[in-house]
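**Q** I would like to see how this sequence folds:
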Amino acid sequence: MLEEQVRALDEGRAFVDGSRLRMVEVVGGDGAAWLNDLVTAGVEDLAEKEAVRSLLLTPTGRVRADFHVARASERFLLLQDPDQPKAVHDLLEPYVLSSDVALRDPGGDIGPILVPRPSGWSVAWAPPAGAAPADPQAAEVWRIRRGIPRFPIDFNEDSLPAEAGLEHLIDFAKGCFLGQESVAKVRNMGHPPRAVVALRAMEPVHAGERVLAEGQDVGEVTSAAPFGIGTALIASVRWEARSGGLHSASGPALAPA
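**A** Down below sits the predicted model:
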């Protein structure tokens, strides 16, 4: 049953119920410009029912929240995994100040779903024709086998977007957003100290195991799921160790996915 659901997600024949997501509504005459100045994605030009994944960063460029922004008429809906440490509502509220903006509960009439895409989940309001629901366990196995990092499991509040390969969630052409200068510095002058990498092992490996390179501890397995006779993994490792030659502390070699 699990493998059937994972295969259906792979083939675009399944979706995941999004009713457990945290949701907050952004309304007011300044809503579009205000939100655009804070989050990494460009949101002012979103079309009706269009959604885009975005980040909210600290002024030093660290990840505070990972969520989707959806346009619904004159309002925006923010949809966030409830396992994240802080609600995006609470993180954004201090920035309202004198703007014509309000953050509120959208009520119970919103029924989003999550649709699998090559780079991760996309928000939609109706399932694809003929698609069936998949349970959260299947969704998590699909994610790990695809090497899609999840906040705060595979990267956390100390992480820069570049560590998890999430620079594609940043609109560098739109102008200012929180953390812009720090993100630009990493992009133009160097690299982050760590990297999130997708790996494979031919034997069982478990989340929480240390990752070794030439006998030195260089990181940790953050997610693991069965894959054939072996394991699909996501790990956070030192930047210089990201290219290969890795082993888990229990012994199996870890190859790039």
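
**Q** which non-adjacent residue is nearest the one residue sitting closest to the centre of the chain?
**A** The centre of the chain sits closest to Arg150, judged by C-alpha atoms, centre = their mean, with a distance of 4.8 Å. Once flanking residues are discounted, Arg150 sits nearest to Arg143: 6.4 Å by C-beta to C-beta, 6 or more residues apart in numbering. C-beta here means a position set from N, CA and C on the backbone, and glycine is covered the same way.

**Q** does the one you found lie in a helix or a strand, and which?
**A** In this structure, Arg143 sits in helix 136-145 according to DSSP states H and E.

**Q** quick one: mean pLDDT for that helix?
**A** Averaging pLDDT along helix 136-145 gives 98.

**Q** got the contact list for Leu9?
**A** The contact partners of Leu9, by C-beta atoms under 8 Å, 6 or more residues apart in numbering, come to Pro116, Ala134, Ala138, Ala139, Trp142.

**Q** swap that for Val26, sorry
**A** Residues near Val26 by C-beta under 8 Å, 6+ apart: Trp34, Leu35, Arg75, Phe76, Leu77, Leu78, Leu92, Val101, Ala102, Leu103.

**Q** follow-up on the earlier one: and the gap between the residue nearest to Arg150 and Ser182?
**A** For Arg143, the distance to Ser182 equals 28 Å [C-beta to C-beta, to the nearest Å].

**Q** ok, now Asn156?
**A** 17 Å.

**Q** quick one: buried residues of stretch 66-81?
**A** 66-72, 75-81 (16 or more other C-beta atoms under 10 Å).

**Q** next, count neighbours for Arg20.
**A** Using other C-beta atoms under 10 Å, Arg20 has 10 neighbouring residues.

**Q** list the residues that contact the residue nearest to it when sequence neighbours are not counted.
**A** Residue nearest to Arg20 in three dimensions, not counting chain neighbours: Pro82, with 6.0 Å by C-beta to C-beta, 6+ apart. Contact analysis of Pro82 by C-beta under 8 Å, 6+ apart lists Arg20, Leu21, Arg22.

**Q** which residues of the protein score low on pLDDT?
**A** Applying pLDDT under 70 to the chain flags the ranges 109.

**Q** assign a three-state SS to Ala162, would you?
**A** Look at Ala162: counting by DSSP: H, G, I helix; E, B strand; the rest coil, its state is helix.

**Q** what residue spans form the domains of the chain?
**A** Here the domain parsing of the chain from automatic domain parsing is 2-141, 193-257.

**Q** got those domains as CSV, with distance to Phe172 columns?
**A** Below are the domains of the chain laid out as CSV (distance: least, C-beta to C-beta, whole Å):
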stretch, distance to Phe172
domain 2-141, 9
domain 193-257, 20
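
**Q** beyond the helix or strand encompassing Leu9, next helix or strand please.
**A** Taking DSSP H and E as the criterion, Leu9 maps to helix 2-10. Sequence order places strand 14-17 as the next helix or strand after helix 2-10, per DSSP H and E.

**Q** before we move on, the earlier item: who's more crowded, Arg143 and Ser182?
**A** Neighbours were counted for Arg143 and for Ser182 using other C-beta under 10 Å; Arg143 has more, 23 against 17.

**Q** so what's the more buried one up against?
**A** Gly120, Arg150, Ser223.
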